[in-house]
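> fold the stuff below for me.
(2 chains)
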Amino acid sequence: MTAPLSAGIRAIGMIGPGFDDWNAARAVLQGTSTGWQPAATRIPSPTMLPPAERRRVGAVVKLALVAGMQAVEAAGADAATLATVFASAGGDGANCHAICEALAGNDRLISPTRFHNSVNNAASGYWGIATGAMATSTIVSAYDGSFAAGLVEALALASSLDAPVLLVVYDHPYPEPLAAARPLHDAFAVALLLDPHATDGPRIALGELTDRVADTLDNPALESIRSGIPAARSLSVLHSLARLATGEAAEVVIDYVDDSRLCVNVLG
Amino acid sequence: MKPLLLSRYTATSCIGTGLAATRAALAQGRSGLHPCDFETVDLDTWIGRVNGLEQAPLAPALADYDCRNNRLAMLGLQQDGFLEAARHAVARHGARRVAVLLGTSTSGILETELAYRQRDPLSGALPPDFHYRGSHNIFSVAEFVRHAVGAAGPAWVISTACSSSAKVFASAARLLASGLIDAAIVGGVDSLCLTTLYGFNSLELVAPEPCRPYDPARSGISIGEAAAFVLLERAPDTPGPADIVLSGYGESSDAHHMSAPHPQGLGARMAMEQALACAGLRPTDIDYINLHGTGTPSNDAAEGLAVGTLFGNRTAASSTKGATGHTLGAAGGLEAVFCAIALAEGMMPGSPGTRELDPGIDIAYRLQPESAPLRHVLSNSLGFGGTNCSLVFSRPAGDAR
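Reported below is the predicted structural model:
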């Protein structure tokens, strides 16, 4: 057996209900942000995209691009050199809804932009256009376990490339009528810049697949976000990262597929 | 990389259900395309349709997953003893040591398209029998296959448009290298739906005739559907004479445009270069290239330029899209199986539908199937969003040239 996959976390980007970046989210997770109330997620504008492209992209792509860029900027990294792993349970629900409505209508006309935005790798494609990154980029999906799937793929890729990988995990609710079939609490994105060469700072390592139940959060508002958005299944890991002192370790169990959960070891 | 054994593989598309029919169609240069008769689609185009899926519902135990895409997955799994081989791998290695990594572009979106025609006139609600998780959900096909074979290891769907089911081979190779798993079920399943037919039509990228990859008169794609599966395991140190292995992979991004390739095929060239480096091979070691070759003017020009730059006009190459149509998210997996067939049979597929090579593209394009001893072959899969993946397959103990 080879050593467990692991990497240092050089920076974190995060956007969710009531927090616009990791600093704000960290204070909430540490419990030091007095008076925090969950509020509708604010979808940011990706200034990294040329204006023409910025007008074309949907909210879910904006969410992914800005969360990813938050991590890159916080680390002082060069986005053009980074490989990326995107992970999302769904995709651009609003775009999908518009296409399905058009296809159920009489003329079945879809705009070319709608169609090319319908690919599940839209965020990855726009990330490349915005940053000029020609390294590998992918998107994985595993329903409510998409964060775990993305983490496994990203750590395996970082190990294989022997280079940093940016992981961006995000979800945005569908509009009705799809929302009734697949309800999501709100929009959420997290980005981790994973560096297998990092010698200090927080680290994350894969443990085993397990039958144990996934860890939950004590704060009911945070727990309803965690359990209500696939990308926010990451919150239990981020909660540990926010609270661990330097050198302190914790094991966190996160949701993966059905009865299989994933153990993750976090080092502060 | 350490080569990975293709211990079992199978393919189902419009040219054949299972390997025997597929092999015969490739050897004969037969196309499975016919004028579009899918659903209520009124477009002037040709499609590569797998017959009988409308009459093949899943067994009651799997009814939660019933949709066209998973029916096609089931039909594919049942060919060539694949389901049994996958279950044996699960029994041999342990369920948690077997990954299921599949590619699709549209999953079960067809069922959502149909449900939108039956919305409640007052509330707008979808019909009560609409089941998101087993159909529309992008992960649906991997969850379905995972249940069907009893695997409990890492699982995900890669949905990077037309490179999806090539990239799963790279993911599986990394998981095997990390020691996390001992076997992976990889491949791709993509099925006909209105989104892709009308969507590619909106981009004026569907041909009104059977597609003609690399032909000067090419006018777009023919859309097809397919299920392809490969069981990957670590290769023995001394491969057997019939063993076929994945020996390299390369992945890149164009960083250029959402629906047009880099005009010089720079991203495609990078993916091919990486795949060769990963396999420890030079361009002259490759005996045959299965091109992405969709039949759109821009794809074939850009890919042709990239192949010409790297391989010159000596390495035999063809696109099989004129046989199967463009099976989108299943294309990488389907053409990986075509590469395995080519290596096993010593046969390079031709290019049904193509009448002559575009004189502006200087590569050794093959119109007809040909017998040839093959040791190393390369497959390209390129997609919207500028995603590129190249795979190298080898028959290490096969006949040398």
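> what pLDDT does residue A:2 get?
Looking at residue A:2, its pLDDT stands at 67.
> tell me how far the spatially most central residue of chain A lies from residue A:211.
Centroid-nearest residue in chain A, with Cα atoms, centre = their mean: residue A:169, separated by 1.6 Å. Noted for residue A:169: a distance of 24 Å to residue A:211, by Cβ to Cβ, to the nearest Å. Every residue, glycine included, has its C-beta placed from N, CA and C.
> swap in residue A:247?
In terms of Cβ to Cβ, residue A:247 sits 30 Å off from residue A:211.
> all strands for the stretch 51-200 of chain B, in order.
Along the stretch 51-200 of chain B, the segments classed as strands by DSSP state E, counting those that start in this stretch run B:98-103, B:155-158, B:183-190.
> for the closest residue to chain B within the stretch 51-200 of chain A, which non-adjacent residue is closest in space?
Closest to chain B within the stretch 51-200 of chain A is residue A:125: 2.7 Å, counting by Cβ to the nearest Cβ. Spatial nearest neighbour of residue A:125, chain neighbours left out: residue B:385 (2.7 Å); criterion: Cβ to Cβ, 6 or more residues apart in numbering or on different chains.
> what's the one you found in contact with, if anything?
Residues near residue B:385 by Cβ atoms under 8 Å, 6 or more residues apart in numbering or on different chains: A:116, A:119, A:121, A:122, A:124, A:125, A:126, A:128, B:160, B:161, B:253, B:258.
> most widely separated two among the residues you listed?
A:116 and B:253 (15.3 Å; Cβ to Cβ).
> the two - which one has more neighbours?
More crowded of residue A:116 and residue B:253, by other Cβ atoms under 10 Å in any protein chain shown: residue B:253, with 30 against 22.
> ok, the more buried one touching residue B:389?
No: Residue B:253 is beyond contact range of residue B:389, at 10.4 Å (criterion: Cβ atoms under 8 Å).
> pull out the buried residues from the helix or strand that contains residue B:337.
Using DSSP states H and E, residue B:337 falls within helix B:331-345. Of the residues in helix B:331-345, B:331-344 count as buried by neighbour count, 16 or more other Cβ atoms under 10 Å in any protein chain shown.
> following that helix, which helix or strand comes up?
Assigned by DSSP H and E, the successor of helix B:331-345 is strand B:347-348.
> which other helices and strands contact that following strand?
If you count contacts as 3 or more Cβ pairs under 8 Å, 6 or more residues apart in numbering or on different chains; DSSP states H and E, strand B:347-348 packs onto strand B:370-371.
> and the next helix or strand past the strand it packs on?
strand B:376-383.
> helix, strand or coil for residue B:247?
strand (DSSP: H, G, I helix; E, B strand; the rest coil).
> residue contacts, it?
B:1, B:3, B:278, B:279, B:280, B:281, B:376, B:392, B:393, B:394, B:396.
> and residue A:215, by the same measure?
Residues counted as contacts of residue A:215 (Cβ under 8 Å, 6+ apart) are A:236, A:252, A:253, A:254.
> in PyMOL, select just the buried ones from these.
Buried residues among the contacts of residue A:215 (16+ other Cβ under 10 Å), as a PyMOL selection:
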select buried, chain A and resi 236+252+253+254
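> in the contacts of residue A:215, find the pair that's most separated.
Across the contacts of residue A:215, the longest distance by Cβ to Cβ is 7.7 Å; it joins A:236 and A:253.
> joint contacts of those two?
A:214, A:215.
> state the pLDDT value of residue A:259.
86.
> I'd say it and residue A:212 touch.
No: Residue A:259 lies out of contact with residue A:212 (Cβ under 8 Å); the separation is 10.1 Å.
> which secondary structure state is assigned to residue A:265?
strand.
> mind listing what it touches?
By Cβ under 8 Å, 6+ apart, the residues touching residue A:265 are A:4, A:6, A:204, A:205, A:206, A:207, A:249, A:250, A:251, A:252.
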